[in-house]
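Asks: Predicted model and sequence follow; I will ask about them next.
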Amino acid sequence: MVASVNGAELMRFVEMISRERGIEKSEVVAAIEQAMIVALRKRVENPDTLTVVVDPNNGQITAQEIDLEGVTHDVQLSDMGRIAAQTFKQIFVQKNREAERDNIYEKYIGLRRDIRSGTIQRMEGPNYVVNLGDSEAFFPRKEQVPTESYNVGERVRGLILDVRKQGQKVKIILSRTHPEFVKKLFELEVPEVAERIIEIKAIVREPGYRSKVAVASYDPKVDAVGACVGVRGSRIKGIIDELNNEKIDIIRWNESAEVLITNALKPARVDSITLDYDNRRARVVVPDDQLSLSIGKRGQNVRLAARLCKWDLDIVTVTQEQDWRKRTLEKFRAIPGVDELLCEALFNSGFDSFGDILAAGPEALLKVPGISIDSAAQIIQYVMEHPEPPEQIADMVHADGAQRRPDNTFVEPGHEVYEGEEEEEAAAAAAAAAKSSAPAGPVDPFARAAEYAAQAPKHEVDERGRPKL
């Protein structure tokens, strides 16, 4: 039976809801149908067979049910009653909110890790709420640069770090501290980066103070560093202004760990580098007058370089290195049968303590020039009888940079692992696996609201639809 509803008015209402809330008309019509089914369940004989159809052309509503004998009946909608009308309103509003939430979520999940700007709307303790136009973003304290502060009404640009559903709302997390924020700024300011002619291989930051950006060019005619800086610094200036004068070091990427470490420590000069691949540790020797420059203000330069290269760095001066070498060679001279040339040969072969000699064994010793089987046996016998700890370099500057995975392998340079992202990837993989194992089928965005409403406690009503006391 066609209900006595003004179809034109209903369709105008659908049009208004669709326009104001950004919901498709078909979703609003589906919400009306689902809410009507929930509202009429208590007024029909067989609620499982109840169907409601809204004609999208003229707005007329048709409701039908199949009774227990299999006969189809029209359902009269004109005398729904107050309780049914209230139920319809509640379910309709809830479904439209869920549809609005789903639409905002689908929009911003596609903008994840993009830059968006908004206006500071209000403060919630140390956090800000930013108005993005069609939704609100949460700007937490830990994602704010320590040297920056904002007032209500000011505009702010940030990276959409995360988007997740939270109840009836969508929580959008904004960040200005994430290294990806700097990368997106380079894509906006440097066309070669956006066109993938230049690739940003790695970015490390101490937000508000200093960043290091490693770049590589895939076109031999394009200088990666020069293109990012621009003519007289025109390109990098826009990025520095957006970051409120945060210092940015642009370095040239290299697959060689030794060259990459040398570049990462610039503007300091490096005298020599010794690499320990097993422990991902490098000893960097710098001239005495370059020590403070290599360390940087508050140790920023060496810390950022270590994190960029994914190596633990030990910074020593030439004087410290020479003193350590001298004391180590004096120990080697005490070994019977080892002369000055053999001491130098042992040291230059990588042995810097008795423990190294003992751990390496005779096979490694025989590869040292000037050592025979007899002298190797004599050296091993002596170091076993006179165990000596390795000489320590005094006042060595250390910076942690090597990242070790749970499987005890190291993260390679250029493969950034940020806090929480490993858990996100694992959760996404688990969700994908669960989704692939689940049976495929259409998903009704309003089904959950209908289920909750159907499970609500039932109240007896009189013939006029009022609850019985």
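Replies: Thanks, I have the structure now.
Asks: Going by C-alpha atoms from here, please, whenever you check contacts or count neighbours.
Replies: OK.
Asks: which residues touch stretch 217-230?
Replies: With Cα atoms under 8 Å, 6 or more residues apart in numbering as the test, stretch 217-230 has contacts from 186, 190, 192, 197-199, 215-216, 235-236, 250-252.
Asks: And the helices in the stretch 1-150 of the chain?
Replies: 7-21, 25-40, 82-109 (DSSP state H, counting those that start in this stretch).
Asks: what does the stretch 201-350 of the chain give?
Replies: 224-229, 234-242, 257-264, 291-295, 300-309, 318-333, 340-348.
Asks: I'd like these written out as a markdown table, with mean neighbour count added.
Replies: Shown next, in a markdown table, are those (neighbours: other Cα atoms under 10 Å):
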| stretch | mean neighbour count |
| --- | --- |
| helix 224-229 | 19 |
| helix 234-242 | 16 |
| helix 257-264 | 20 |
| helix 291-295 | 19 |
| helix 300-309 | 25 |
| helix 318-333 | 16 |
| helix 340-348 | 16 |
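Asks: looking at those, which is closest to residue 24?
Replies: Smallest distance to residue 24 across those (Cα to Cα): 37.4 Å, for helix 234-242.
Asks: got the CA coordinates for that closest one in PDB?
Replies: What follows is helix 234-242, C-alpha atoms only, in PDB (Å, rounded to 0.1, in the frame of the first residue of the first chain):
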ATOM      1  CA  SER A 234      64.900  30.000  -3.300                       C
ATOM      2  CA  ARG A 235      63.400  26.500  -3.000                       C
ATOM      3  CA  ILE A 236      64.800  25.500   0.400                       C
ATOM      4  CA  LYS A 237      63.800  28.900   1.800                       C
ATOM      5  CA  GLY A 238      60.100  28.200   1.500                       C
ATOM      6  CA  ILE A 239      60.500  24.900   3.400                       C
ATOM      7  CA  ILE A 240      62.600  26.600   6.100                       C
ATOM      8  CA  ASP A 241      60.000  29.300   6.500                       C
ATOM      9  CA  GLU A 242      57.200  26.700   6.900                       C
END
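Asks: Could you break this protein into its assigned domains?
Replies: According to automatic domain parsing, the chain comprises the domains 7-108+446-454, 110-175.
Asks: Adding mean pLDDT, distance to residue 406 and mean neighbour count, write the ones you listed out as a markdown table.
Replies: Output for those, formatted as a markdown table (pLDDT from 0 to 100; distance: least, Cα to Cα, whole Å; neighbours: other Cα atoms under 10 Å):
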| stretch | mean pLDDT | distance to residue 406 | mean neighbour count |
| --- | --- | --- | --- |
| domain 7-108+446-454 | 74 | 32 | 17 |
| domain 110-175 | 91 | 25 | 17 |
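Asks: any chance of these in TSV, plus distance to residue 312?
Replies: Shown next, in TSV, are the domains of the chain (distance: least, Cα to Cα, whole Å):
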stretch	distance to residue 312
domain 7-108+446-454	38
domain 110-175	26
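Asks: Surely residue 130 and residue 123 touch.
Replies: No. The criterion here is Cα atoms under 8 Å, and residue 130 misses it with residue 123 at 9.1 Å.
Asks: before we move on, the earlier item: with respect to residue 286, which of the domains of the chain lies nearest?
Replies: Per Cα to Cα, nearest to residue 286 of these: domain 110-175, 31.9 Å.
Asks: Straight-line length of that closest one, end to end?
Replies: Length of domain 110-175, first residue to last, Cα to Cα, to the nearest Å: 16 Å.
Asks: ok now stretch 172-187, how far from the chain's centre?
Replies: The gap between where stretch 172-187 is centred and where its chain is centred comes out at 10 Å by Cα atoms, centre = their mean, to the nearest Å.
Asks: what distance separates the start and the end of it?
Replies: By Cα to Cα, one end of stretch 172-187 lies 22 Å from the other end.
Asks: circling back: with respect to residue 381, which of the domains of the chain lies nearest?
Replies: When those are compared by Cα to Cα, domain 110-175 sits nearest residue 381, at 57.9 Å.
Asks: Per-residue pLDDT of residue 198, please?
Replies: Listed pLDDT for residue 198 reads 95.
Asks: Distance check, the nearest residue to it once chain neighbours are set aside against residue 189.
Replies: Sequence neighbours aside, residue 217 is the residue nearest to residue 198 in space, at 4.4 Å (criterion: Cα to Cα, 6 or more residues apart in numbering). According to Cα to Cα, residue 217 and residue 189 sit 16 Å apart.
Asks: and what of residue 295?
Replies: Using Cα to Cα, we find residue 295 at a distance of 30 Å from residue 189.
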